[in-house]
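> structure for the following, please:
(one chain, ligands or ions: 1)
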Amino acid sequence: MKPLLYRQIVVCGMRSTARRTLPAVCLLLALLGQSLGPASAATLQQATPARPVECGLTRATTEGPYWRAGSPERSNLVETGMVGVRVRVTGYVYNSACQPIPNALLDFWQADYYGNYDNTGYILRGHEYADSSGRFQMETIMAGEYPGRTIHIHVKVQAPGGPILTTQLFFPDVAHNSSDGIFDPSLVVRLEHTPEIKYAYYNFVVGTANSPVPGTCGSAGSGHRSRCRPSRRSGRSSRPRSSPARSRGRRGRPSD
Ligand SMILES: [Fe+2]
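Residues are numbered from 1 along each chain as shown. This next block holds a predicted model:
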């Protein structure tokens, strides 16, 4: 059962069915939200990300050279002895009609605390599926920076049978955001802190099998385009949605 807060936020996010009283209700909810006391780990775990008012498609960004097929299915990338600040990325996957997409696929990969990718194994790589309400949660660490790149987490998101969105998540108040040519403010998570862990919230909006509006950056080895906007042209990626073949990578410092 969805938490009440989530239901309320969803109602506030509806574009076409809102009644006259809805704005007042939403305003009240917003005020109530602002009146909440200091967040604790327990309360934050129950919180849900705000739903986008307008379900514009999430912006695509370059894949970079270090995506690997065949990542393990899991919702926790943290391993014993791993260095780094813990962060729990939570959100929903929606379609362009602001409807949640159950069973959407999310495939994450990122650099470690030192800014290195594991290109021979699957450290800090993993995929999972959104639940029946379109919600996902991935436990990981804050990625390290490396030359030219601010803190970011790569992710591919795909509705069942839909086009693949390849993008990256960024974090607020990072000094190098402004000097990173790939940084996109629309991809910044909402971040909350506790002494134990950071909570990052982000909702993805992707095309579906019925309304395929693919991003233009998605093919393996597509290179280093600094930014790619969703295309209005119909089409789909040829990459299989699940059980992709494992491939051997190379170890080295990534460029994006
Ligand atoms: Fe990267």
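> shaky segments in the chain?
Residue ranges of the chain with pLDDT under 70: 1-53, 212-256.
> which residues of it fall in strands?
Using DSSP state E, the strands assigned to the chain run over residues 86-94, 105-109, 125-129, 135-141, 152-158, 164-170, 190-193, 198-201, 204-205.
> report the buried residues of the longest one.
Within strand 86-94, the residues scored as buried using 16 or more other C-beta atoms under 10 Å are Val87, Arg88, Val89, Thr90, Gly91, Tyr92, Val93, Tyr94. For glycine as for every other residue, the C-beta is placed from the backbone atoms N, C-alpha and C.
> in a markdown table: those, plus distance to the ion.
Below are the buried residues of strand 86-94 laid out as a markdown table (distance: C-beta to the ion, whole Å):
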| residue | distance to the ion |
| --- | --- |
| Val87 | 16 |
| Arg88 | 20 |
| Val89 | 15 |
| Thr90 | 21 |
| Gly91 | 20 |
| Tyr92 | 24 |
| Val93 | 21 |
| Tyr94 | 25 |
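> looking at those residues, which one is closest to Pro147?
Distance to Pro147 across the buried residues of strand 86-94 (C-beta to C-beta) is lowest for Val87, with 22.2 Å.
> what's the spacing between Thr150 and Asp180?
4 Å (C-beta to C-beta, to the nearest Å).
> kindly report the same for Phe170.
According to C-beta to C-beta, Phe170 and Asp180 sit 8 Å apart.
> quick check: neighbours shared by those two?
Shared contacts of Phe170 and Asp180 (C-beta atoms under 8 Å, 6 or more residues apart in numbering): Thr150, His152.
> those two: which is more packed in?
Just comparing Phe170 and Asp180: by other C-beta atoms under 10 Å the higher neighbour count belongs to Phe170, 23 against 19.
> now Ser75: closest residue in space, sequence neighbours ignored.
Take Ser75 and drop its neighbours on the chain: the residue closest to it by C-beta to C-beta, 6 or more residues apart in numbering is Glu128, 4.9 Å away.
> check contacts around that neighbour.
With contact taken as C-beta under 8 Å, 6+ apart, Glu128 is in contact with Glu73, Arg74, Ser75, Leu105, Leu106, Phe136, Met138.
> mind saving the C-alpha coords of stretch 161-177 as CSV?
Taking Å, rounded to 0.1, in the frame of the first residue of the first chain, the C-alpha atoms of stretch 161-177 are listed here in CSV:
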residue,chain,number,x,y,z
GLY,A,161,9.2,-3.0,-24.4
GLY,A,162,10.1,0.7,-24.5
PRO,A,163,13.1,2.6,-25.7
ILE,A,164,16.1,2.9,-23.4
LEU,A,165,16.9,6.2,-21.7
THR,A,166,20.6,6.6,-21.1
THR,A,167,21.3,9.4,-18.7
GLN,A,168,23.2,10.4,-15.5
LEU,A,169,22.2,11.7,-12.1
PHE,A,170,24.0,14.6,-10.5
PHE,A,171,24.1,15.9,-7.0
PRO,A,172,23.4,19.4,-5.7
ASP,A,173,26.0,21.8,-4.4
VAL,A,174,29.0,20.1,-5.9
ALA,A,175,31.7,22.5,-6.8
HIS,A,176,32.6,20.9,-10.1
ASN,A,177,29.1,20.8,-11.5
